[in-house]
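[1] okay, structure incoming, though there's no sequence with it:
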């Protein structure tokens, strides 16, 4: 056990931080995830202790570090679906599903749910947010 966890003020949950560009609250994301989405990962040095993901659509910042560092959409090779309005924007990075795909074939959501339940996904690295994509899918329509 590290010294951090022996103190009573140790944080056990990932801390939410505020994007310095837009003020949105972002969830922590691993440096490994960021590195996999960078256009030139060999030029990046993870200098911050913690990084967070900004999901606000109108903000050009995707990642921000607790050291003030910023990584913008232009720095990535991956399209960040939550920051785009294009119908071809990705929803599911593991299976290459876009918004348009789900509109054409709503059952794709069920496929992704089942695959996720079976552990057949890698959202922690494939999704730029480092989290499961199901949150970003449109809610299924319920017949009234």
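    Perfect, thanks for sending it. These figures come from a predicted structure and were not determined experimentally.
[2] buried stuff in stretch 85-104?
    Within stretch 85-104, the residues that count as buried by 16 or more other Cβ atoms under 10 Å are 89, 90, 91, 92, 93, 94, 95, 97, 98, 99, 101, 102. For every residue, glycine as well, the C-beta is placed using N, CA and C.
[3] now do the helices in this protein.
    All helices of the chain, identified by DSSP state H, fall at 3-6, 31-37, 99-104, 107-117, 123-126.
[4] closest to the centroid, which residue in this protein?
    residue 129 (0.7 Å; Cα atoms, centre = their mean).
[5] so what's that residue up against?
    27, 29, 53, 55, 80, 82 (Cβ atoms under 8 Å, 6 or more residues apart in numbering).
[6] residues near the last one, how many?
    If you count neighbours by other Cβ atoms under 10 Å, residue 82 ends up with 19.
[7] look up how far residue 42 lies from the residue nearest to it when sequence neighbours are not counted.
    Excluding the flanking residues, the one nearest residue 82 by Cβ to Cβ, 6 or more residues apart in numbering is residue 55, at 4.8 Å. As for residue 55, its distance to residue 42 is 27 Å (criterion: Cβ to Cβ, to the nearest Å).
[8] now do residue 93
    On the measure of Cβ to Cβ, residue 93 and residue 42 end up 22 Å apart.
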